[in-house]
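>>> generate a structure from the sequence data that follows.
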Amino acid sequence: MIDPGYCRLMARYNAWQNRQMMECLQPMPAAELTRDRGAFFGSILGTLNHLLWGDRMWMSRFDGWARPESGITGSTALCPTLAAWSAERFRADGHITLWAEGVKAVQLAGNLTWLSGATGREVTKPMAQCVIHMFNHQTHHRGQIHAMITAAGAQAPVSDLAFMPDDA
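A predicted model of the protein is given here:
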């Protein structure tokens with residue numbers, strides 16, 4: 001289904017996208033970042049936090065990271081400010097990249113079983129499908145953030161994978 005090259009490409013894409021988001025959002029006033037814009041996770045910062053929370057949750061399953069302390073309902077409050085989020089995001093992206101650089105094809109085979117807080121039961125899915133989901137989840141929520149940035153009157157960054165620079 002996927003191979004380690006896919007993981008490396010998507011980890012690189014994730015880090016590139018998040019760096020662009022940081023640059024785009026830094027000049028935005030805190031009130032704009034926290035304004036409820038009617039998105040599923042409310043605000044730009046709330047959605048950024050949920051995305052970081054989700055990455056931490058999946059990486060706790062893939063690579064032994066510490067699980068987030070809060071459940072999905074608390075995911076929007078992970079970091080209180082953009083500066084705090086930026087620092088945590090930078091750290092997480094570095095660790096995701098390291099994981100992707102070291103992942104082996106055998107690690108992507110077989111199943112992953114975990115206790116899902118969202119469903120309240122044990123779930124078993126193909127590992128490759130779970131990895132694809134993590135990267136798809138990132139792209140999905142960054143699309144929401146992109147729309148909120150545009151609605152706030154700011155210039156949203158380029159998000160097309162095909163236009164990612166070779167050195168990103």
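
>>> which positions within the top helix by length along the chain qualify as buried?
With DSSP state H applied, the helix covering the greatest number of residues in the chain is identified as helix 127-151. Residues of helix 127-151 classed as buried: 127-128, 130-132, 134-135, 137-138, 141-142, 144-146, 148-149 (neighbour count, 16 or more other Cβ atoms under 10 Å). All C-beta atoms are positioned from the backbone trio N, CA, C, and that covers glycine.

>>> same thing with stretch 17-26?
Residues 17, 18, 19, 20, 21, 22, 24, 25 are the ones in stretch 17-26 that count as buried (16+ other Cβ under 10 Å).

>>> can I get those residues in CSV including secondary structure, pLDDT and distance to residue 85?
Output for the buried residues of stretch 17-26, formatted as CSV (DSSP: H, G, I helix; E, B strand; the rest coil; pLDDT from 0 to 100; distance: Cβ to Cβ, whole Å):
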residue, secondary structure, pLDDT, distance to residue 85
17, helix, 97, 14
18, helix, 97, 10
19, helix, 97, 13
20, helix, 96, 14
21, helix, 95, 10
22, helix, 96, 8
24, helix, 95, 13
25, helix, 97, 9
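
>>> now do stretch 43-62: distance to the chain's middle.
5 Å (Cα atoms, centre = their mean, to the nearest Å).

>>> no more questions from me, cheers.
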